[in-house]
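Asks: got a sequence here, can you build the structure:
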Amino acid sequence: MLIQQVNALSFISNAIINESKGNEEEIMRKRYILGLSFLLLLLTSCAAQKSKQTTKQNATVSVKTTTNHVLQAKSKTWVFTKKVVSQQTKKRGVASQLTTSMVSKTDTTTNWVTAKGQFMAGSVNYKKVSLKEWRKNLNHNFVKSGRKKIHLMSVDQVNAVLKKLGANFRIAHLTELIFLATKSNGLTIAQAFAAKGHHLYAINIPYFDNNQTLTIDRGEVFTDTGTKKATGQISLAKLNGTWIAPQTTTSSTDTGKILIKDGYLYQQRFDSFERSAIQNLSTYSLISLNQNTTYANQKINAANAGYQLTQKTVASGDSLGYLYLFINQNKMIRIGAGVTTNYKKVNTLVAASDLPQDDITIFQQMDQKNPGEAASTITVKAGPAVVGMSKSIKYLTNPEAGQITSNQTISLNNGQVSVSQSEN
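Replies: So this is what the prediction gives:
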């Protein structure tokens with residue numbers, strides 16, 4: 001373009017000079033004007049070229065900058081949304097045709113937690129590494145002959161996956177992605193990451209030579225649970241009362257009635273009363289919650305039902321894996337087994353016929369008799385009552401909550417509990 005403009009100026013210059021022959025002063029003046037025009041043209045073209053280069057550089061930087069900005073939040077939990085796969089054949093390599101996998105949300109093995117730029121999955125913490133270090137560590141996992149079979153996806157292949165996953169950006173180089181290795185031993189993972197808005201994109205980078213047709217994973221997208229409905233802090237004292245799920249079909253494991261008293265959730269199952277602690281998560285530090293795998297799993301359960309579990313949440317659980325989320329002091333939802341059940345408080349009192357005072361006394365005194373444990377169940381059949389003890393009844397944060405460590409046969413006389421037999 002610049003050359004064409006220069007040629008045009010040269011043509012005009014010659015024409016003007018020919019026209020001005022015999023008048024040297026006029027020729028010099030016009031040459032001076034043309035020289036200035038040429039200089040301005042040159043400067044304008046250089047500025048335009050530099051602007052294009054700067055724009056291109058900014059576009060290149062923006063993907064990683066945007067990703068780091070998104071991941072700098074105090075805490076985000078990313079829940080699996082969808083997955084993309086393609087075929088790989090011996091002759092043609094990795095196919096360009098991408099398909100959205102029919103994997104359900106519950107089948108995915110990894111959901112991510114990020115906090116101030118750090119990645120966590122389950123109990124494993126990860127660190128960011130450069131593409132060069134990532135590739136070096138990847139090669140270390142294979143013998144020398146096997147390394148020749150390792151290939152990396154191209155930029156075009158990565159961009160195709162990003163587009164299929166719904167991303168509205170492209171990368172210009174693989175270094176724009178975030179690569180990870182475990183903090184403990186430096187093991188790399190096969191995916192590299194980018195984030196924008198409420199979405200985290202995990203793109204599979206390496207692939208390997210093979211002698212047969214395979215379906216290979218190409219990438220996944222995760223959604224920030226911050227897009228879900230949030231719940232606020234509620235005083236535990238305001239939850240006391242009788243809660244009913246009107247649409248529940250009564251069974252031996254589900255009466256449709258929840259009793260709440262002084263920070264504990266009680267319900268009847270078979271011949272037993274089961275007790276769970278109601279937890280105000282604001283009493284835990286954000287760091288401890290982010291590193292807690294039980295809490296992470298419960299966050300995923302809540303997100304799959306359209307809610308988010310946060311440090312401000314008040315909630316409980318039970319031995320069947322249900323999550324009880326308090327929306328306000330009169331509304332609670334139970335999440336589990338792919339079903340959300342609504343409960344409403346119908347009375348601020350708990351009838352003695354529903355929850356006898358003797359049972360509350362037994363729970364309280366058995367806690368005192370077994371320091372470091374909690375009474376989880378009371379079972380009454382033909383003989384004396386049997387109390388099931390657990391290490392914890394805090395189902396939101398303790399993976400051992402509700403697991404019976406011992407069954408203790410008890411009696412209650414004049415308000416005092418006596419243990420007559422204990423079985424581990």
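
Asks: Ala115 contacts Ser285, doesn't it?
Replies: No: here Ala115 does not reach Ser285: they are 11.4 Å apart, not a contact under C-beta atoms under 8 Å. Any C-beta I mention is one placed from the backbone N, CA and C, and that applies to glycine too.

Asks: which one of the two has more residues nearby?
Replies: Ala115 (19 against 10; other C-beta atoms under 10 Å).

Asks: what pairs with that one across the strands?
Replies: Taking DSSP bridges as the rule, Ala115 bridges to Gln118.

Asks: repeat for Lys127
Replies: For Lys127, the beta-bridge partners under DSSP bridges are Ala181.

Asks: contacts only, for it.
Replies: Contact criterion C-beta atoms under 8 Å, 6 or more residues apart in numbering gives Gln118, Leu180, Ala181, Thr182, Lys183 as the residues in contact with Lys127.

Asks: now do 7 Å
Replies: Applying C-beta atoms under 7 Å, 6 or more residues apart in numbering, one finds that Lys127 lies in contact with Leu180, Ala181, Lys183.

Asks: now the residues you listed in CSV, with neighbour count?
Replies: Shown next, in CSV, are these (neighbours: other C-beta atoms under 10 Å):
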residue, neighbour count
Leu180, 22
Ala181, 18
Lys183, 14
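
Asks: which residue ranges of the stretch 101-250 of the chain form strands?
Replies: With strands called from DSSP state E, counting those that start in this stretch, the stretch 101-250 of the chain shows them at 112-115, 118-121, 124-129, 150-152, 178-182, 188-196, 199-204, 206-208, 214-224, 241-244.

Asks: and the stretch 301-424 of the chain, by the same measure?
Replies: So, for the stretch 301-424 of the chain - with DSSP E, counting those that start in this stretch - the strands run 314-317, 323-328, 331-336, 339-347, 374-379, 385-390, 404-413, 416-423.

Asks: wait, which of those strands is closest to Leu355?
Replies: strand 374-379 (10.8 Å; C-beta to C-beta).

Asks: contacting residues around that closest one?
Replies: Identification of contacts with strand 374-379 by C-beta under 7 Å, 6+ apart yields 271-275, 359, 362-363, 366-367, 385-390, 392-393, 402, 404.

Asks: next: stretch 284-302.
Replies: Taking C-beta under 7 Å, 6+ apart as the criterion, the residues outside stretch 284-302 that touch it are 74-75, 77, 79, 111, 113, 115, 120, 122-123, 225, 281, 308-309, 311, 323, 325, 335, 396-399.

Asks: repeat that with 6 Å
Replies: Where contact means C-beta atoms under 6 Å, 6 or more residues apart in numbering, the residues beyond stretch 284-302 that reach it are 75, 77, 79, 111, 113, 115, 122-123, 309, 311, 323, 335, 396-397, 399.

Asks: please apply the same query to stretch 77-96.
Replies: Stretch 77-96 has contacts (C-beta under 6 Å, 6+ apart) with 98-101, 103, 105, 108, 111-113, 161, 164-165, 200, 207, 211, 213-225, 299-300, 303.

Asks: buried set for that stretch?
Replies: Neighbour counts using 16 or more other C-beta atoms under 10 Å place 77-80, 82-88, 94-95 of stretch 77-96 among the buried residues.

Asks: let me know the closest of the contacts of Lys127 to Gly263.
Replies: Closest approach to Gly263 among the contacts of Lys127 (C-beta to C-beta): Lys183, at 36.5 Å.

Asks: so the closest one touches Val124, yeah?
Replies: No: in this structure Lys183 lies outside contact range of Val124 using C-beta atoms under 6 Å: 8.2 Å.

Asks: who touches both of the two?
Replies: Listed contacts common to Lys183 and Val124 are nil; contacts here mean C-beta under 6 Å, 6+ apart.

Asks: one step back: go through the buried residues of stretch 77-96 and flag which are in strands.
Replies: Under the assignment DSSP state E, the buried residues of stretch 77-96 contribute Thr77, Trp78, Val79, Phe80, Lys82, Lys83, Val84, Val85, Ser86, Gln87, Gln88, Val94 to strands.

Asks: for Gln233, state which of the residues you listed is nearest.
Replies: Proximity of those to Gln233, judged by C-beta to C-beta, is greatest for Thr77, which lies at 18.9 Å.

Asks: tilt between the helix or strand harbouring Thr294 and strand 76-89?
Replies: When secondary structure is defined by DSSP states H and E, Thr294 falls within helix 293-304. Per axes from the mean of the first three to the mean of the last three C-alpha atoms, to 10 degrees, the angle that helix 293-304 makes with strand 76-89 is 80 degrees.

Asks: please identify the buried residues of helix 293-304?
Replies: For helix 293-304, a neighbour-count test (16+ other C-beta under 10 Å) marks Thr294, Tyr295, Ala296, Asn297, Gln298, Lys299, Ile300, Asn301, Ala302, Ala303, Asn304 as buried.

Asks: one more: stretch 241-256?
Replies: Applying a neighbour-count criterion of 16+ other C-beta under 10 Å, one finds Gly241, Thr242, Trp243, Ile244, Ala245, Asp254, Thr255, Gly256 buried in stretch 241-256.
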